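Visitor: missing the sequence, but the structure's below:
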């Protein structure tokens, strides 16, 4: 099916509709704002293909191809379509997406094979291999106390040299926050962030994952295990405990003294008789 977003200005808005509750929910925006693109769904992934990346008066056809994962609410780049075009039609057959026609003035017929990440046209196969991004994660320590901060550095290469301007997203499987969570690699292929560990009640093994994407490369992923320790109680905690013990002891002593006073006259009467 085709999708036209906006009338004169392309948008990147992404909204999810729930027919059961009849409500809309705002999701992560599409990386490339565009209109008159096409959408196909394969294996629970949404593929946004082609379109116009500028206003329709100065229409600039694009071959951008981006994949949306509703489960993780995230986008990644996929192999660009060979022919930039807008207003194209898309059909899905099995694991393949067929992109047909469009607004470039010429008839085009192509298909995208979800396995592997390559794009084909009829009678012509684009076999230029894409190199996968290699992602590594380094931290200034492998253990961290509950709620404390550690430094996280992500490095992205193509196997032989660093890759700058790659989009990076950091995730944790057990909570916590990254500052920032999203960003681009610098000229040295690096991306730095601060991770604030989640508050835990027992020692927890946590996995940090970094996703990296860039046009012309297959997406890359790196992971790092971190141990989050339950922080020992601070001085204020022990002060509170001491105060409670003193209060309990004082109340208990008062009760004991009161009972002795009540018993003493009775004992004296017994001795007199």
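Guide: Good, I have the coordinates. Note that this is a predicted model, so its numbers are computed, not measured. Numbering: from 1, shown residues only.
Visitor: per-residue confidence for residue 254?
Guide: For residue 254, the model assigns a pLDDT of 64.
Visitor: ah, wrong one, I meant residue 74
Guide: What the model reports for residue 74 is a pLDDT of 94.
Visitor: help me confirm that it comes into contact with residue 28.
Guide: Yes - using CB atoms under 8 Å, residue 74 is in contact with residue 28, at 6.4 Å. Using the backbone N, CA and C atoms, a C-beta is placed for each residue, glycine as well.
Visitor: quick check: neighbours shared by those two?
Guide: Here residue 74 and residue 28 have residue 68 as joint contacts, going by CB atoms under 8 Å, 6 or more residues apart in numbering.
Visitor: so residue 241, which state does it fall into?
Guide: Three-state assignment for residue 241 (DSSP: H, G, I helix; E, B strand; the rest coil): helix.
Visitor: let me know the pLDDT of it.
Guide: So residue 241 comes in at 73 (pLDDT).
Visitor: what about it, distance to residue 141?
Guide: Distance, residue 241 to residue 141, by CB to CB, to the nearest Å: 30 Å.
Visitor: please apply the same query to residue 70.
Guide: To residue 141, residue 70 is 35 Å away according to CB to CB.
Visitor: for residue 192, same thing?
Guide: If you go by CB to CB, the gap between residue 192 and residue 141 works out to 15 Å.
Visitor: okay, those two: which has more neighbours?
Guide: Per other CB atoms under 10 Å, whichever of residue 192 and residue 141 has more neighbours is residue 192, with 13 against 10.
Visitor: mind listing the helices in the stretch 101-250 of the chain by residue range?
Guide: 235-272 (DSSP state H, counting those that start in this stretch).
Visitor: so where's it shaky on pLDDT?
Guide: Scanning the stretch 101-250 of the chain for pLDDT under 70 picks out 104-130, 231-238, 240.
Visitor: mind listing the strands for it?
Guide: Using DSSP state E, counting those that start in this stretch, the strands of the stretch 101-250 of the chain run over residues 109-113, 118-121, 124-125, 131-132, 134-139, 143-145, 149-157, 167-172, 177-179, 182-184, 190-196, 204-213, 217-218, 220-229.
Visitor: I appreciate the help and will end here.
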